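Asker: Have a look at this fold, sequence not included:
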């Protein structure tokens, strides 16, 4: 070996060894971030009944972690996140008419025009925070793995 060459064999062995231990640490990191994303999204979620906020859930599998809302449980979650494209029509589906109160009086209509829903983002701001914090945390895990802290 000449005096101008570098020996990376020790680093190569450290990287090979780190690969054996990386997956559990990466999953731990993802679970930690999922919990933070969930908490942040819940704090940003608009609250009327609390159903949306309480249904921002974490789903874990062997190789993934997901934060989201079950649209079967909270079908309006997307409308809260993104808003609607302005006014839209609501028609009675299961009954002959819609019933609602106006000035204390009950009113019946076959259809009404809803003025639309303004966006109230809750997932996107939580994800933005996650992305801002991901780099340093992932770097710490990488350094710990390569440095031998398991």
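Answerer: Structure received. Everything numeric in this text was worked out from a predicted model, so none of it was measured.

Asker: Residue 119 versus the nearest residue to residue 124 once chain neighbours are set aside, what's the distance?
Answerer: Nearest residue to residue 124, sequence neighbours excluded (C-beta to C-beta, 6 or more residues apart in numbering): residue 81, at 6.9 Å. The way it works is simple: take the backbone N, C-alpha and C, and place the C-beta from them, glycine included. To residue 119, residue 81 is 7 Å away according to C-beta to C-beta, to the nearest Å.

Asker: Of the two, which one has the most company?
Answerer: Remark: of residue 81 and residue 119, residue 81 carries more neighbours, 19 against 13, as counted by other C-beta atoms under 10 Å.

Asker: Could you pull up the contacting residues of residue 37?
Answerer: 67, 126, 127, 129, 130 (C-beta atoms under 8 Å, 6 or more residues apart in numbering).

Asker: if we go to 7 Å?
Answerer: For residue 37, the contacting residues are 67, 126, 127, 130, by C-beta atoms under 7 Å, 6 or more residues apart in numbering.

Asker: Ramachandran angles for it?
Answerer: Torsion angles at residue 37 (phi, psi; degrees, to the nearest 10) stand at phi -60, psi -40.

Asker: any idea how far it is from residue 54?
Answerer: 16 Å.

Asker: And residue 92, what's its pLDDT?
Answerer: If you check residue 92, the pLDDT there is 92.

Asker: swap in residue 37?
Answerer: For residue 37, pLDDT reads 92.

Asker: And for residue 117?
Answerer: On the pLDDT scale, residue 117 is placed at 88.

Asker: show me what contacts it?
Answerer: The contact partners of residue 117, by C-beta under 7 Å, 6+ apart, come to 79, 83, 84.

Asker: got it, and residue 51?
Answerer: By C-beta under 7 Å, 6+ apart, the neighbours of residue 51 are residue 74.

Asker: Kindly recompute the last result at 8 Å.
Answerer: By C-beta under 8 Å, 6+ apart, the neighbours of residue 51 are 73, 74.
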